[in-house]
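# Quick one: sequence and predicted model below, then my questions.
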Amino acid sequence: MLICYLEVKTLLWIKTFHVFFVVSWFACLFYLPRLFVNHAQNQDADQRALLLGMEARLIKMMNFTLWGTLISATGLVYVLAGQQWLFYIQQGWFISKMVLVALLIAYHHLCIKIHRNFAVEKEAHSHVWFRVFNELPVFALFAVIYLVLAKPF
């Protein structure tokens with residue numbers, strides 16, 4: 001009985017950390033492209049320098065929350081699946097979720113590349129492009145939530 005209680009407590013803590021890190025990571029993924037919109041619109045050197053600093057600090061937080069998300073996700077799969085982890089990770093909904101997570105990580109790194117392009121003044125995309133770019137993680141988030149809750153396949 002004590003072992004079961006400890007397993008449930010551990011699971012709840014890992015889920016809590018995972019949700020915390022996912023929400024934090026997505027906050028960064030939503031906010032950084034909004035900074036890019038402002039950066040693309042602004043021609044004032046002082047404002048652009050301020051935006052570069054904000055972006056750089058946000059990227060540090062974004063990297064930290066990505067690692068927290070990945071580590072807590074690994075712990076969550078371990079605690080949820082236990083000895084059955086191989087079966088767990090072969091389920092269709094889980095594979096689909098992992099594909100979306102991989103795309104979000106690519107988006108994350110693309111944001112870093114865009115920031116570096118702004119730093120050397122070689123970013124050519126318009127503020128309109130960044131407004132559309134900013135919406136992409138919304139669709140991935142919606143799909144991931146659906147896959148986790150419904151486990152449709």
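Ah, there it is.
# next SSE after the longest helix seen in the chain?
Secondary structure of the chain read by DSSP state H shows that its longest helix is helix 2-41. Stepping forward along the backbone from helix 2-41, the first helix or strand reached (DSSP states H and E) is helix 45-81.
# Now tell me what touches the helix or strand bottoming out on mean pLDDT in the chain from outside.
Of the helices and strands making up the chain, the lowest-confidence element is helix 85-89, at a mean of 88, by mean pLDDT, DSSP states H and E. Helix 85-89 is contacted from outside by 77-78, 80-81, 94-95, 98, using Cβ atoms under 8 Å, 6 or more residues apart in numbering. To be clear about C-beta, it is placed using only N, CA and C from the backbone, and glycine gets the same treatment.
# could you redo the last one with a cut-off of 7 Å?
Counting contacts by Cβ atoms under 7 Å, 6 or more residues apart in numbering, the residues outside helix 85-89 that touch it are 77-78, 80-81, 94.
# follow-up on the earlier one: list the buried residues of the longest helix of the chain.
Neighbour-count burial for helix 2-41 flags 14, 17-18, 21-22, 24-26, 28-29, 31-33, 35-40 (criterion: 16 or more other Cβ atoms under 10 Å).
# how far does that helix sit from the chain's center?
Taking the mean C-alpha point of helix 2-41 and that of its whole chain, the gap between them comes to 8 Å (Cα atoms, centre = their mean, to the nearest Å).
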